[in-house]
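> give me coordinates for this.
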Amino acid sequence: MAEIIMAFAPLVFLIVYALKTRKMADAMILATLLAMVLLHRQHFLTGAIDALYGALSNSSYQFVLCITIGFGGMITLFQESGALMGFRDLLRRSWWTSPTWTRAARPRHGTPWCRWRFCWWGPRYLP
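Residues are numbered from 1 along each chain as shown. Below you'll find the predicted structure:
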């Protein structure tokens, strides 16, 4: 029974702390430290370093870490340059306007392409 409580203690701590403070990153770090303390007891520091070294030396983890950092950097650059807002405006224009329509003659639900897209593809994604 004690092993079950010790196994779920970090998870319960993570959920309660994250819901109470709304800081998920802090909750994950503290729950990991709690799990390391419960697992390694007196050799907490060396056990945590060994576990970190074991995780970082895995080639799959290194690949995922590089991809995550690359996408994070790319998204940050897009946000800073305003490219995401330009893409949003481009989509908004293609959604609501057509070169042959005036503002008064614009349909209520987008261009014919958009209406066709939701009539044809939309029901396929509904449960």
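> could you pull out the strands for this protein?
Read by DSSP state E, the chain holds no strands at all.
> so what's the residue count around the nearest residue to residue 39 once chain neighbours are set aside?
Leaving aside its sequence neighbours, residue 39 sits nearest to residue 47 (CB to CB, 6 or more residues apart in numbering; 6.5 Å). Where C-beta positions appear, they are placed from N, C-alpha and C, glycine not excepted. Neighbours of residue 47 under the rule other CB atoms under 10 Å: 15.
> I figured residue 47 hits residue 40, correct?
Yes. With contact defined as CB atoms under 8 Å, residue 47 counts as touching residue 40 (3.1 Å).
> wait, what's in contact with the nearest residue to residue 46 once chain neighbours are set aside?
Distance criterion CB to CB, 6+ apart; nearest residue to residue 46, sequence neighbours excluded, is residue 40 at 7.5 Å. Counting by CB atoms under 8 Å, 6 or more residues apart in numbering, residue 40 touches 46, 47, 48.
> for residue 40, give me the pLDDT.
If you check residue 40, the pLDDT there is 89.
> then the one 5 residues further on?
Among the per-residue scores, residue 45 holds a pLDDT of 89.
> any idea how far it lies from residue 34?
14 Å (CB to CB, to the nearest Å).
> tell me which of those two has more neighbours.
For residue 45 and residue 34, the more surrounded residue by other CB under 10 Å is residue 34, and the numbers stand at 18 against 10.
> so that one sits against residue 9, correct?
Yes. Between residue 34 and residue 9 there is a contact at 6.7 Å, judged by CB under 8 Å.
> show me what contacts the nearest residue to residue 18 once chain neighbours are set aside?
The spatial neighbour of residue 18 that comes closest, neighbours along the chain excluded (CB to CB, 6+ apart), is residue 27 at 3.9 Å. Counting by CB under 8 Å, 6+ apart, residue 27 makes contact with 13, 14, 17, 18, 21.
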